[in-house]
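Engineer: Let me see the structure of the following:
(chains A and B)
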Amino acid sequence: MTEIQMQSNPDEQNNAQGKRWSLIFVWLLVAVLLLVVGLQLWKAQLGVVGVGEVAPKFSLTLFDGEEITPADMEGKVVLVNFWASWCIPCEDEAYELQSAWEYYQGNEEVLFVGVDYSDTNTAALEFLDKFGVTYPNGPDLGTRISQDYRMQGVPETFIIDQEGIIAYVLIGPFQSVEQITTIIDALLGS
Amino acid sequence: MKLKLPLVIVFLLLLTLTGTSIASAQDPGPEPTPSEDEVNRIAKNLYCPVCENIPLDVCESAACAQWRDQIREKLVEGWTEEQIYDYFVVQYGERVLAEPPRRGLNWLIYIVPPIALLAGGVLLYRLLRKSTRSTPEENVASTGKVKPESTPQDDKYTSLLEEELKKRQ
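Structural biologist: Sure thing, here's the model as predicted:
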């Protein structure tokens, strides 16, 4: 009887150890899952990059093949507009944005950049042609820029001051040219 | 003459075949238009980049129609399925793929469900085994019914066990 007990003890110990490791593994897995879900929820509730925050730097390859880099934006008031050809409110503000851009033509301190979000190049170019948009525009490849700006939807516009700080955020379309020029003029100090 | 006739037929057939192949080589014909099925076969493995959780083949938005057109264009240009998926990833990110690439945190999607299923199965099995092994007293407590303490089969196993123990002594 004693012999039997002695033989079964290592087995029981192994079983207990196995159980312990299984439990540790399961809890680790649960912890990692919770961490991933938590991070995603935290990111989702952060909202867009807000006024006063440092504007995420980005490079954008334009539809014509040229590239805009952070160096091109340095020391300028930059208007970054996220849009898409399938977005109806984007059509509503296309005229306002283009008019404002024309208003600042010749002013080296102002730069407009259109970031085309989740679109096809054909449709995007048709859109730009339809509304006569001439300021630099390019596709947001891999949606990296919109992710950096934590964009919620199109249209969305960020106006960045000369120091690279977000000075204005608009979720939705601009209603008038003055709405744009008032903000930019204030930043230019004119 | 008997031999010549089949030879002439063979010659004519060969001439026709060669002529057809030359004609087809010279005239490429109209560009093949991929069918809806061909487009949807690829579209079903991609998700609409702007609508939540809708595969591209069943998405009814104007944007999705544009993306399906894009797939069609690429197929006409001779792109392979893989090239089209890669293009979509470059343009819209990995989130458009119905099946995320097996790397980094994506592995969790592939590992966790089978492990959870296996662990659940093991747990269920152990619980069931434990419940069938419960003592007569526990059975009385849980069911309120008294079961016979031993059956003829139990006696058989007891005697076998006793015999085995005797042998060991």
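
Engineer: ok, now which ones touch residue A:70?
Structural biologist: With contacts defined as Cβ atoms under 8 Å, 6 or more residues apart in numbering or on different chains, residue A:70 is in contact with A:57-59. Bear in mind the C-beta positions are built from the backbone N, C-alpha and C, glycine included.

Engineer: how far away is it from chain B?
Structural biologist: Remark: distance between residue A:70 and chain B (Cβ to the nearest Cβ, to the nearest Å) = 21 Å.

Engineer: picking up where we left off before, nearest to residue B:40 among the contacts of residue A:70?
Structural biologist: The nearest member of the contacts of residue A:70 to residue B:40, counting by Cβ to Cβ, is residue A:58 at 34.7 Å.

Engineer: coming back round to it: which of the contacts of residue A:70 ranks first by neighbour count?
Structural biologist: Neighbour counts for these, by other Cβ atoms under 10 Å in any protein chain shown, peak at residue A:58, which reaches 18 neighbours.

Engineer: shouldn't that residue be in contact with residue A:146?
Structural biologist: No - here residue A:58 lies out of contact with residue A:146, judged by Cβ atoms under 8 Å, at a distance of 9.9 Å.

Engineer: what's the overlap in contacts for these two?
Structural biologist: Between them, residue A:58 and residue A:146 share no contacting residue under Cβ under 8 Å, 6+ apart.

Engineer: Kindly check the end-to-end length of stretch A:157-176 for me.
Structural biologist: End-to-end distance of stretch A:157-176 (Cα to Cα, to the nearest Å): 14 Å.

Engineer: Let me see the mean pLDDT of it.
Structural biologist: The pLDDT scores in stretch A:157-176 average 97.

Engineer: Neighbours of residue 117, how many?
Structural biologist: I went with chain A, as the question did not name one. Residue A:117: 26 neighbours (other Cβ under 10 Å).

Engineer: wrong chain, I was asking about chain B
Structural biologist: 10.

Engineer: Surely it is within a helix?
Structural biologist: Yes - the assignment for residue B:117 by DSSP: H, G, I helix; E, B strand; the rest coil puts it in a helix.

Engineer: Read off the pLDDT value for it.
Structural biologist: Model confidence at residue B:117, given as pLDDT, is 91.

Engineer: With the one 10 residues further on instead?
Structural biologist: The confidence metric pLDDT takes the value 90 at residue B:127.

Engineer: and the helix or strand that contains it, what other elements does it pack with?
Structural biologist: Using DSSP states H and E, residue B:127 sits in helix B:107-133. Identification of packing neighbours for helix B:107-133 by 3 or more Cβ pairs under 8 Å, 6 or more residues apart in numbering or on different chains; DSSP states H and E yields helix A:2-46.

Engineer: ok, 10 Å please
Structural biologist: If you count contacts as 3 or more Cβ pairs under 10 Å, 6 or more residues apart in numbering or on different chains; DSSP states H and E, helix B:107-133 packs onto helix A:2-46, helix B:136-143.

Engineer: Flag every residue of chain A that's near chain B.
Structural biologist: With Cβ under 10 Å from any Cβ of the partner chain as the criterion, chain A meets chain B at residues A:1, A:3-4, A:22, A:25-26, A:29-30, A:32-33, A:36, A:39, A:84-88, A:117-124, A:139-144, A:146-147, A:153-154.

Engineer: Could you chop the chain up by domain?
Structural biologist: Using chain A. Here the domain parsing of chain A from automatic domain parsing is A:1-46, A:60-188.

Engineer: look at chain B instead
Structural biologist: Here the domain parsing of chain B from automatic domain parsing is B:36-101, B:102-146.

Engineer: do stretch B:45-64 and chain A meet?
Structural biologist: Yes - Stretch B:45-64 lies within reach of chain A by Cβ under 10 Å from any Cβ, at B:48-50, B:61-64.
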